[in-house]
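S.K.: give me a model of this one.
(one chain, ligands or ions: 1)
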Amino acid sequence: MKGVLAVVSGFSGVGKGTVVEYMRGIHPFTLSISATTRKPRPMDQEGVTYYFLSREDFAKKVEEGFFLEWAQYTTDCYGTPKGPVLDAIERGEDVILEIEAQGARQIKERYPDAVLIFVLPPDFYELKARLEGRQTETPERIKARLSRAMEEFDEIPYYDYIVVNNTVEQCAADILSRIESKRSTPAWQQEFISRLKSEADKVMEEL
Ligand code: 5GP
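M.R.: Below is the predicted model of the structure:
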């Protein structure tokens, strides 16, 4: 059975990174590592949090069809390398893409089976406070990220589910249950159902 491709998006600062990290401790996932043109932050590690590329190298990879999806977010570009994601799904591993809304739409168009989840904060003031608390962002960048969040409200209806991040534990459990629901659909379990049906035919013959 192939793995589930899950997209987790949310306003910048909503805490989705923390939730995804927590989820990895309770469910085996392949977490896609994106490429970006943005400058590394102090906590970033090349090849762990992102692959950091120059604008020229990023553009070259777009041309080569290297990305499953890519988008410009504020002033920088972000993209999901295609190979590792498709390989993991074929191996039966669930994959999480922590990406923004334009990329999520591209994924849904190309992979209608993907589960798209949007994480919301309990209130917008907390979101602003969280961005300010990061201390790695200038006031201009905070404003840009909040303005982007305003635009992203319009993208929410394209997602399959919304999940509110009240606590990391509850938010992770909610996301996991949406992924599990996908695995429980008849379409996903076709192989298992066919096997069961063949067994049923045999059992009936033997009666
Ligand atoms: P940050 O700069 O805070 O790490 O990420 C900014 C935004 O880019 C976040 O909303 C994050 O989810 C999104 N992002 C990260 N990687 C990708 C990617 O590969 N593709 C797209 N479309 N968005 C990404």
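S.K.: can we go C-alpha only for contacts and neighbour counts from here?
M.R.: Fine.
S.K.: next secondary structure after the helix or strand that contains Ile117?
M.R.: Element membership of Ile117, judged by DSSP states H and E, is strand 115-120. Heading C-terminal from strand 115-120, the first helix or strand you meet, by DSSP H and E, is helix 124-133.
S.K.: quick one: average pLDDT of the helix or strand that that following helix is followed by?
M.R.: Sequence-wise, the next helix or strand downstream of helix 124-133 (DSSP H and E) is helix 139-152. Predicted confidence along helix 139-152 averages 90 (mean pLDDT).
S.K.: so what touches the strand holding Ile117?
M.R.: Applying CA atoms under 8 Å, 6 or more residues apart in numbering, the set of residues contacting strand 115-120 from outside is 4-11, 14, 16, 104, 108, 156, 159-165, 175, 178-179, 182.
S.K.: now that strand: buried residues?
M.R.: The neighbour-count check on strand 115-120 (16 or more other CA atoms under 10 Å) flags Val115, Leu116, Ile117, Phe118, Val119, Leu120 as buried.
S.K.: need the residues you listed in CSV with pLDDT and distance to the ligand, can you?
M.R.: Listed next are the buried residues of strand 115-120 as CSV, based on pLDDT from 0 to 100; distance: CA to the nearest ligand atom, whole Å:
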residue, pLDDT, distance to the ligand
Val115, 97, 15
Leu116, 98, 13
Ile117, 98, 12
Phe118, 98, 11
Val119, 97, 11
Leu120, 96, 12
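S.K.: any idea which helix or strand carries Leu97?
M.R.: Taking DSSP H and E as the definition, one finds Leu97 inside strand 94-98.
S.K.: note down every partner strand of that strand and its orientation.
M.R.: Each strand pairing with strand 94-98, determined using DSSP bridges, is listed with its direction: strand 5-10 (parallel), strand 29-31 (parallel).
S.K.: show me where this structure has its strands.
M.R.: 5-10, 29-31, 34-36, 50-52, 67-73, 76-81, 94-98, 115-120, 161-164 (DSSP state E).
S.K.: which other helices and strands contact the longest one?
M.R.: Taking 3 or more CA pairs under 8 Å, 6 or more residues apart in numbering; DSSP states H and E as contact, the helices and strands that strand 67-73 lies on are strand 76-81, helix 82-90, helix 101-110.
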